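Asks: Starting from these lines, generate the structure:
(one chain, ligands or ions: 1)
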Amino acid sequence: MARKTRTPEEQSIDPAAQKMLIYANEVGISTAFSRADAMAPCNVGSAGMCCKLCGMGPCRLTKEGQTGVCGATIDTIQARNLIRAIAAGSAAHSDHGRDMAFTLKAVANDETEGYVIRDLAKLRNIAAIYDIPIDGRSPGEIANDLADLYISQFGQQKGEIAPIIRAPEKRQKIWAEEGVIPRGIDREVVEALHRTHMGDDQDPEHILSHAIRTSLADGWGGSMIATDVSDILFGTPAPILGEANLGVLKDDMVNVVVHGHEPTLSQMIVAASQDPEIIEYAREAGAEGINLSGICCTANEILMRQGIPAAGNFLHQELSILTGAVEAMIVDVQCIMQALVGLAENFHTQVITTSPKVKIKGATHIEFDEKHALSTAKQILRVAIDNYKNRGKTRIPQDKEKLIPGFSHEYINYMLGGSYRASFRPLNDAIMSGRIRGVAAIVGCNNARTQQDYLHVYVTKELLKQDVLVVETGCGAIASAKLGLLLGEAGLDQVGPGLREICETIGIPPVLHMGSCVDNTRILTVLTQMVEEGGLGDDIDQVPAVGLAPEWMSEKALSIGAYCVASGAYVMFGGSSPVSGMPDRMADSTIVSEFISSGWEEKYGGKLEFVADPDEMIRKTLEHIDRKRADLGLPEYEATKFGRSGDARMLELEALPLEHRRKAIYGVAAD
Ligand code: BF8
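Replies: From the prediction side, this is the model:
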């Protein structure tokens with residue numbers, strides 16, 4: 001049977017994407033969207049029914065009672081596949097963290113070009129957590145010790161990784177009892193690979209217990225290190241005005257798109273793009289200057305720190321080149337499609353790889369290292385500028401939206417109480433009173449097999465109506481940004497009345513952009529601080545909160561999901577489940593899917609589920625939040641109890657005849 005080809009409207013809800021997809025169809029250029037339509041996913045592999053871990057296979061378990069050649073059951077195979085994905089995700093995030101720690105060490109010892117320690121307060125705060133002496137010491141000395149501590153976390157063989165002490169005490173005890181505290185970041189990833197080699201660990205629950213430990217090495221290890229060091233070197237984010245979508249590209253400027261993850265590269269490209277000598281070089285080439293923008297998590301890194309616009313999320317990487325307006329796409333690591341190089345051959349765009357870990361055949365490789373960071377960044381920009389003369393016809397869609405990103409946990413703390421009374425008390429109070437029903441973290445990727453951004457935006461909008469405060473990271477945050485949900489107080493008429501009151505009082509958007517995917521650790525920190533503030537229980541699993549990844553596709557998302565579960569959160573993924581298959585049938589539940597849900601819930605208070613229907617995801621989110629509220633003894637959520645202050649109340653009053661209005665305001669009908 002021929003596969004159905006979706007229309008551009010069915011492929012994406014983003015108007016800019018739709019325009020580029022129409023153009024791609026006209027000229028016959030393939031994209032991830034059209035390739036997804038042309039190729040059905042393997043129904044055996046996608047449901048976790050295929051084992052390809054040794055040369056006797058791959059074994060496809062499609063018939064009742066079948067095992068692999070070695071005797072491996074479907075449960076063992078699914079558990080092995082899942083832990084391998086989690087290990088890859090944990091490795092990717094953590095290797096990013098390692099590079100950041102090495103950069104911090106090099107900066108501390110004056111061995112870099114162009115980097116400085118920007119956030120001294122954060123350096124001191126983080127160092128103090130680990131009892132690194134700070135008084136009377138230079139920033140370089142403190143940074144050197146912190147870098148040494150962080151670097152040692154990767155190769156540590158025994159004991160517990162240091163950042164674990166930042167979790168609530170009760171949570172640390174649970175992990176200790178379950179034996180899942182990571183000993184060293186690399187050790188857990190290596191052990192995950194060892195355990196899943198042919199003939200090793202075969203008990204699914206035992207394998208999945210190590211999956212938790214491997215994911216914790218990411219969330220409370222590598223990713224947390226990445227976020228800490230990024231803030232120390234490049235500044236802790238605070239709200240700033242930005243823009244998102246392909247409309248940020250400019251016809252009269254050299255467009256440079258930075259794509260990938262590590263801010264060491266992107267921050268230096270930002271610095272180089274502001275260098276007068278480089279700007280002059282661009283002018284000599286006939287352009288008005290350099291227009292920098294980002295894709296994927298790199299976009300989030302420079303958006304939330306410098307307000308550099310985001311050209312889009314994961315599925316926009318090819319679409320930005322289709323505009324014909326991009327002189328260079330500079331990539332480092334993760335989420336970079338191999339198709340970019342072939343696609344760019346239809347235009348003048350140069351794809352430039354920069355990481356020693358990532359080369360793509362046909363791309364230009366200009367290797368980036370911290371010792372020559374600024375010079376290399378300028379060299380890369382010169383290549384882009386030299387390419388401006390080769391530009392042909394452009395077709396930049398004029399779609400873009402403003403947004404306010406930059407809600408680090410430090411800023412959330414500050415915004416709620418100001419400089420002198422910074423605290424999470426007002427947020428906890430708002431949840432306890434029921435003005436805010438609960439919190440949802442909506443994170444993760446785009447997936448070419450679903451309509452781009454639809455699930456993110458639909459789930460976000462529906463939860464906002466229900467007074468659920470939403471925090472977002474990664475490509476999910478860019479989805480909301482492109483569709484105007486991160487716009488200060490705009491759009492608050494679509495938000496539940498209690499949440500709206502809070503947003504109006506504090507002056508925040510109802511969706512808080514908290515950064516890139518490694519910055520999901522900021523959410524762990526916020527949840528920990530909410531617990532420590534009091535009133536919402538003494539551990540993360542008691543907070544009325546959920547984690548959602550409606551359009552997931554990456555192994556990193558699975559690692560994030562697992563460490564959030566281990567931290568006590570209810571996590572739901574949309575799309576397809578990698579653990580749903582049973583020989584002969586698609587099952588509602590398998591041993592592995594049951595175990596990562598109710599099994600993990602029994603141990604950690606959090607659970608991981610794959611829920612394809614967004615309405616079901618919303619229903620389960622609200623049910624969970626309400627159950628957590630009831631368990632805490634908080635008042636039942638009432639949709640109409642709050643929200644009679646603010647603009648809504650003003651409009652209501654304005655509609656009354658004057659004397660009634662006075663009576664309503666003053667209690668008496670004054671003359
Ligand atoms: O780390 S959300 S598509 S860009 S994996 Fe990739 Fe997914 Fe985007 Fe960032 Ni995260």
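Asks: Where does the prediction get shaky in the stretch 301-450 of the chain?
Replies: Across the stretch 301-450 of the chain, the ranges flagged by pLDDT under 70 are 418-422.
Asks: Please apply the same query to the chain.
Replies: In the chain, residues with pLDDT under 70: 1-3, 418-422, 488-491, 584-588, 644-651, 653, 661-671.
Asks: Show me which helix runs longest in it.
Replies: If you go by DSSP state H, the chain has its longest helix at helix 74-108.
Asks: If residue 310 is in a bridge, with which residues?
Replies: residue 244, residue 294 (DSSP bridges).
Asks: Name the residues that touch whichever helix or strand comes after the longest helix of the chain?
Replies: Per DSSP states H and E, helix 74-108 leads on to helix 120-129 as the next helix or strand towards the C-terminus. Residues outside helix 120-129 that contact it (Cβ atoms under 8 Å, 6 or more residues apart in numbering): 117, 133-134, 139, 142-143, 145-146, 165-166, 228, 231-232, 236, 410. All C-beta spots, glycine's among them, are computed from the backbone N, C-alpha and C.
Asks: Among those residues, which one lies nearest to residue 317?
Replies: Closest to residue 317 out of the contacts of helix 120-129 is residue 231 (26.1 Å), distances taken as Cβ to Cβ.
Asks: got the angle for the helix or strand encompassing the closest one vs helix 74-108?
Replies: Using DSSP H and E, residue 231 sits within helix 223-234. Note on geometry: by axes from the mean of the first three to the mean of the last three Cα atoms, to 10 degrees, helix 223-234 and helix 74-108 are set 20 degrees apart in direction.
Asks: export helix 223-234 as PDB, just CAs?
Replies: In PDB, the C-alpha atoms belonging to helix 223-234 read as follows (Å, rounded to 0.1, in the frame of the first residue of the first chain):
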ATOM      1  CA  SER A 223      24.100  18.000  32.700                       C
ATOM      2  CA  MET A 224      24.200  19.700  36.000                       C
ATOM      3  CA  ILE A 225      27.900  20.400  35.500                       C
ATOM      4  CA  ALA A 226      27.200  21.700  32.000                       C
ATOM      5  CA  THR A 227      24.600  24.200  33.200                       C
ATOM      6  CA  ASP A 228      26.700  25.300  36.200                       C
ATOM      7  CA  VAL A 229      29.800  26.000  34.100                       C
ATOM      8  CA  SER A 230      27.900  27.600  31.300                       C
ATOM      9  CA  ASP A 231      26.400  30.100  33.800                       C
ATOM     10  CA  ILE A 232      29.800  30.700  35.400                       C
ATOM     11  CA  LEU A 233      31.500  31.400  32.100                       C
ATOM     12  CA  PHE A 234      28.800  33.100  30.100                       C
END
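Asks: and it, what does it pack onto?
Replies: helix 74-108, helix 120-129, helix 139-155, helix 263-273, helix 296-306, helix 520-533 (3 or more Cβ pairs under 8 Å, 6 or more residues apart in numbering; DSSP states H and E).
Asks: CSV please, covering those and showing mean neighbour count and distance to the ligand.
Replies: Shown next, in CSV, are the helices and strands packed on helix 223-234 (neighbours: other Cβ atoms under 10 Å; distance: least, Cβ to the nearest ligand atom, whole Å):
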stretch, mean neighbour count, distance to the ligand
helix 74-108, 25, 8
helix 120-129, 17, 22
helix 139-155, 19, 19
helix 263-273, 25, 12
helix 296-306, 29, 3
helix 520-533, 24, 9
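Asks: between these, which gets nearest to residue 485?
Replies: Proximity to residue 485, assessed across the helices and strands packed on helix 223-234 by Cβ to Cβ, is greatest for helix 296-306 (14.8 Å).
Asks: Can you show me the strands along the stretch 451-600 of the chain?
Replies: 468-472, 511-513, 545-549, 570-573, 581-582, 585-586 (DSSP state E, counting those that start in this stretch).
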